[in-house]
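> here are the coordinates; sequence isn't available:
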């Protein structure tokens, strides 16, 4: 979750500086900054770095932000559901061991 927020924020910033320094320099700078921040936040998730690339290539707009936030909401929902499911099975296995 943190990785998507970091990548999205840096990608949006990169979309604003791209017209001034060019797309190749922007991609290099943005991906380097994201890699360092993800390592620092202990949230290494390489696919999240692609969000920044999309924001730079497609120019951040409302649909891109909607895509980012809807993806984060789905991840949160799946995480809560799957954790509950795992804990349920974990409890059942503990009962069987007794």
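Happy to help now that I have it. Values in this document were obtained by computation on a predicted structure and should not be read as measured data. Residues are numbered from 1 along each chain as shown.

> residue ranges with poor pLDDT in this protein?
The chain contains residues with pLDDT under 70 at 60-61, 88-93, 95-98.

> ranges for the strands of the chain?
Counting by DSSP state E, the chain has no strands to list.

> What segments of it are helices?
2-21, 23-40, 46-58, 62-97 (DSSP state H).

> Now tabulate those in CSV and tack on mean neighbour count.
Every C-beta, even on glycine, is put in place using the N, C-alpha and C of the backbone. Below are these laid out as CSV (neighbours: other Cβ atoms under 10 Å):
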stretch, mean neighbour count
helix 2-21, 18
helix 23-40, 15
helix 46-58, 18
helix 62-97, 11
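
> Tell me the spacing between the residue nearest to residue 55 when sequence neighbours are not counted and residue 18.
For residue 55, ignoring the flanking residues on the chain, the nearest one in space by Cβ to Cβ, 6 or more residues apart in numbering is residue 11 at 3.3 Å. In this structure, residue 11 and residue 18 are 10 Å apart, going by Cβ to Cβ, to the nearest Å.

> Need the overlap of contacts for the two.
residue 56 (Cβ atoms under 8 Å, 6 or more residues apart in numbering).

> what does stretch 50-67 rub up against?
Residues external to stretch 50-67 that are found in contact with it (Cβ under 8 Å, 6+ apart): 4, 7-8, 10-12, 14-15, 18, 23, 26-27, 30-31, 34, 68.
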